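Generate coordinates for the sequence data below:
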Amino acid sequence: MPKFKLLQKTNLQEDCWHSMLISILRGLAALEVVAAHLRSQVYPGFGTVAKPPLLFQGLAFGSGFAYLAVIVFFVLSGWLVGGSFLNKLESDRAFLNYTIDRASRLWVVLVPIFLVVLLTGAAIGVLDTTRLSVSSGEPYSVSAFFGNMLGLQTIVVPPFGGNFPLWSLANETWYYVLFPLLLLVVQSRPVMVRAAAVLAIGAIVQLVSGAIMLYFSIWLLGAAFSRIRIAAGPFWRWTLLLLVAASAVVIRLKGRTDITPEGFPQYLLFSLFFVLFLSSMQFKRQPGPVLDWLDRTGRFFANFSFTLYVLHVPMIAAMAHGLWSTFGIAQLSPYKLSHFGIYVSMYLVLVVGAYWFSLPFESNTPRVRQWLKAHLFARPRRVRT
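Residues are numbered from 1 along each chain as shown. Take a look at the predicted model:
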């Protein structure tokens with residue numbers, strides 16, 4: 001029978017099976033979201049297509065796991081971000097380092113991409129410069145820009161420039177804030193610190209939606225199971241993997257296709273199977289050419305998955321505008337094989353474009369963090385008299 005062991009530290013070693021799987025899943029989740037959004041933007045809805053061809057049926061089914069991909073993001077974020085913070089909790093300036101790490105992770109990518117959103121809106125003619133006011137309802141406004149930087153999209157302001165995948169970053173931002181506050185309540189000794197943390201949590205609960213708070217439990221599930229190692233044999237590991245895959249297919253075919261309070265039970269069950277499987281894979285993997293290649297490939301896509309996630313919608317808008325203005329194609333046809341080739345070409349442009357865009361920004365996030373910490377923590381020089 002499987003044996004559960006509570007770990008003193010979250011296992012973040014890169015030569016373990018679960019680390020390789022996390023990298024692969026981070027990349028696959030971003031690729032899945034991009035495939036789903038590209039299909040919904042350039043093809044008609046599946047339900048409106050009479051006698052859809054087999055190829056289009058396969059595309060619609062395969063790209064229909066986007067919301068499950070977001071749930072995977074939430075679980076892995078809890079595992080990596082929460083687990084890493086737990087490991088550093090007793091170190092000097094733990095909370096300040098954590099704040100710098102989280103802010104740099106978001107802003108190093110979001111600021112340049114918001115500029116791309118502005119340029120794209122101007123290029124395709126949807127940006128009205130006369131409306132760039134502080135109005136919170138204008139998606140290109142100054143307030144929307146800074147509101148999205150602070151995770152207030154869908155709460156106070158709209159997603160900046162109509163970049164609708166940013167809704168999940170509001171969840172992530174508040175999970176980043178709530179987790180250390182919870183730790184202060186649980187671990188901090190001074191009563192005043194605990195009281196302040198409780199008041200801050202109460203204020204956040206009043207600010208954000210019920211769905212954001214509800215799905216925080218899934219993020220916490222990832223953080224909690226990052227400290228649990230399950231010693232299990234191949235039978236149990238394969239059983240858990242099959243449960244993950246089967247629950248995903250059932251949700252895709254029979255479940256809800258949105259992240260709402262009504263859909264929470266199905267996603268919670270999927271997440272539970274998922275973290276149990278990941279925890280059972282916390283052991284060293286044997287080196288080999290195939291596994292090493294899979295590990296390198298997973299890390300390659302994982303390293304720019306955030307850029308791909310937040311950049312693909314403005315890129316789709318620009319390409320769709322070019323498709324219409326150049327070829328007169330307003331929407332791809334499910335019945336034309338050549339249009340499927342256009343879809344694949346657009347998809348490749350999105351992935352390659354996001355990779356190149358990530359090189360000066362997302363890939364330099366560690367350097368930005370080091371620079372910030374070096375300057376913020378630098379001791380003032382003593383002046384000799």
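
now the strands: where do they sit in the stretch 151-300 of the chain?
228-231 (DSSP state E, counting those that start in this stretch).

can you give me the helices for it?
Assigned helices in the stretch 151-300 of the chain, in chain order: 167-187, 191-207, 210-225, 234-254, 264-280, 289-302 (criterion: DSSP state H, counting those that start in this stretch).

If you count neighbours, what's buried in the second one?
By neighbour count with 16 or more other C-beta atoms under 10 Å, helix 191-207 contains the buried residues 197, 200, 201, 204. All C-beta atoms are positioned from the backbone trio N, CA, C, and that covers glycine.

that older thread, now the helices of the stretch 151-300 of the chain as TSV including mean pLDDT?
Shown next, in TSV, are these (pLDDT from 0 to 100):
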stretch	mean pLDDT
helix 167-187	95
helix 191-207	94
helix 210-225	96
helix 234-254	96
helix 264-280	97
helix 289-302	95
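
Wasn't residue 5 part of a helix?
No - applying DSSP: H, G, I helix; E, B strand; the rest coil, one finds residue 5 to be strand, outside a helix.

shaky segments in the stretch 1-150 of the chain?
129-136 (pLDDT under 70).

how about 50 then?
For the stretch 1-150 of the chain, not a single residue meets the criterion pLDDT under 50.

Which parts of it are helices?
Using DSSP H, counting those that start in this stretch, the helices of the stretch 1-150 of the chain run over residues 17-42, 54-62, 66-77, 83-87, 94-123, 142-149.

for the ones you listed, which one sits closest to residue 161?
Among those, helix 94-123 comes nearest to residue 161, with 3.6 Å by C-beta to C-beta.

For the closest one, which helices and strands make contact with it?
Judged by 3 or more C-beta pairs under 8 Å, 6 or more residues apart in numbering; DSSP states H and E, the packing partners of helix 94-123 are helix 142-149, helix 167-187, helix 305-327, helix 337-358, helix 365-376.

if we can go back for a sec, with respect to residue 318, which of the helices of the stretch 151-300 of the chain lies nearest?
Of the helices of the stretch 151-300 of the chain, nearest to residue 318 by C-beta to C-beta is helix 167-187, at 21.0 Å.

Extract the C-alpha set from the closest one and format it as PDB.
In PDB, the C-alpha atoms belonging to helix 167-187 read as follows (Å, rounded to 0.1, in the frame of the first residue of the first chain):
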ATOM      1  CA  TRP A 167      -8.400  37.100 -15.800                       C
ATOM      2  CA  SER A 168      -6.400  34.200 -14.300                       C
ATOM      3  CA  LEU A 169      -3.500  36.500 -13.400                       C
ATOM      4  CA  ALA A 170      -5.900  38.300 -11.000                       C
ATOM      5  CA  ASN A 171      -6.400  34.900  -9.300                       C
ATOM      6  CA  GLU A 172      -2.600  34.300  -9.200                       C
ATOM      7  CA  THR A 173      -1.800  37.700  -7.900                       C
ATOM      8  CA  TRP A 174      -4.200  37.400  -4.900                       C
ATOM      9  CA  TYR A 175      -3.000  33.900  -4.200                       C
ATOM     10  CA  TYR A 176       0.500  35.300  -4.000                       C
ATOM     11  CA  VAL A 177      -0.700  37.800  -1.400                       C
ATOM     12  CA  LEU A 178      -3.000  35.500   0.600                       C
ATOM     13  CA  PHE A 179      -0.500  32.700   1.100                       C
ATOM     14  CA  PRO A 180       2.100  34.700   3.200                       C
ATOM     15  CA  LEU A 181      -0.800  36.300   5.100                       C
ATOM     16  CA  LEU A 182      -2.100  32.900   6.100                       C
ATOM     17  CA  LEU A 183       1.400  31.900   7.200                       C
ATOM     18  CA  LEU A 184       1.600  35.000   9.300                       C
ATOM     19  CA  VAL A 185      -1.700  34.100  11.000                       C
ATOM     20  CA  VAL A 186      -0.500  30.500  11.600                       C
ATOM     21  CA  GLN A 187       3.100  31.100  12.600                       C
END
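
and of the helices and strands packed on helix 94-123, who's closest to residue 257?
Smallest distance to residue 257 across the helices and strands packed on helix 94-123 (C-beta to C-beta): 14.8 Å, for helix 167-187.

now the angle between helix 142-149 and the closest one, please.
50 degrees (axes from the mean of the first three to the mean of the last three C-alpha atoms, to 10 degrees).

From the rest of the structure, what touches helix 167-187?
Outside helix 167-187, the residues within contact range by C-beta atoms under 8 Å, 6 or more residues apart in numbering are 70, 73-74, 77-78, 81-82, 85, 89, 95, 98, 102, 106, 110, 148, 150-155, 159, 193-194, 196-198, 200-201, 204, 208, 212, 215-216, 219-220, 223, 310.

quick one: buried residues of that helix?
167-185.

Nearest to residue 30 among the buried residues of helix 191-207?
Closest to residue 30, out of all of the buried residues of helix 191-207 and judged by C-beta to C-beta, is residue 204, at 27.2 Å.

Could I get the contacting residues of that closest one?
174, 177, 178, 181.

residues near residue 127, how many?
A count of nearby residues for residue 127, using other C-beta atoms under 10 Å, gives 17.

residue contacts, it?
Counting by C-beta under 8 Å, 6+ apart, residue 127 has contacts 118, 121, 140, 161.

rerun that using 10 Å as the cut-off
Residue 127 makes contact with 117, 118, 119, 120, 121, 139, 140, 161 under the criterion C-beta atoms under 10 Å, 6 or more residues apart in numbering.

hmm, which two among those are most spread apart?
Using C-beta to C-beta, those span at most 14.7 Å, a distance reached by 119 and 139.

out of these two, which sits in the more crowded spot?
Each of residue 119 and residue 139 has its neighbours counted (other C-beta under 10 Å); residue 139 has more, 22 against 14.
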